[in-house]
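**Student:** Need coordinates for the following:
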Amino acid sequence: MSQKNAKIEIISKSAEQTGKIACFIGSKLREGDVLALSGELGSGKTCFTGGLGRGLGVSDKYQITSPTFTLINEYPARCKLYHFDVYRLNGYSEFEDLGYEEYFCGKGIVVIEWAEKIVQVLPENTIFIQFEYLDENKRRIVIKGHEKRLKELAIDTKMEVS
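**Tutor:** Prediction:
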């Protein structure tokens, strides 16, 4: 049975607001969720990931940074957070060499920056998040995925699923 896809569109007016939105979403994530982040440099992907981590319960003693050179950072939380940055990869075949399947099937949450480079290997239930730079502080954040799952992530907020 195929699921209906939907989207949530949010305009964030600051990095702080982006972090708060992500923190809320992070509090709703569950084991097995895969989030694919896309957007130009400086559009908010790492800031958003930091908020997700805080929502998952990653301690403030951990600075959540982009793993551009290590490719993956792992953070302890109520569910482990696996943070990939595939900016330096030339394509999904290089990602396959990292043994990504074990992360996708594991007991954690996977967040991938520059996910458009590996879209061919992302699971069917992936939540796609696109960041668009509007001005120095403002960003458009578009979240796409299965309608039922997006409604779960949007509960108790002003986010509307369409």
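
**Student:** What's the first helix or strand after the helix or strand of the chain with the lowest mean pLDDT?
**Tutor:** Least confident helix or strand, the chain: helix 92-96 with a mean of 75, by mean pLDDT, DSSP states H and E. Later in the chain than helix 92-96, the nearest helix or strand by DSSP states H and E is helix 101-104.

**Student:** which intervals of this protein have sub-threshold pLDDT?
**Tutor:** Scanning the chain for pLDDT under 70 picks out the ranges 1-2, 68-69, 155-162.

**Student:** residue boundaries of the helices in it?
**Tutor:** 15-28, 45-56, 92-96, 101-104, 147-154 (DSSP state H).

**Student:** What helices and strands are in contact with the last one?
**Tutor:** I take that to be helix 147-154. strand 5-12, helix 15-28, strand 127-133, strand 139-146 (3 or more Cβ pairs under 8 Å, 6 or more residues apart in numbering; DSSP states H and E). Just so you know, the C-beta spots here come from the backbone N, C-alpha and C atoms, and that holds for glycine as well.

**Student:** Of all the residues in the longest one, which ones are buried?
**Tutor:** What it means is helix 15-28. Using 16 or more other Cβ atoms under 10 Å as the test for burial, helix 15-28 gives 17, 18, 19, 21, 22, 23, 24, 25, 26, 28.
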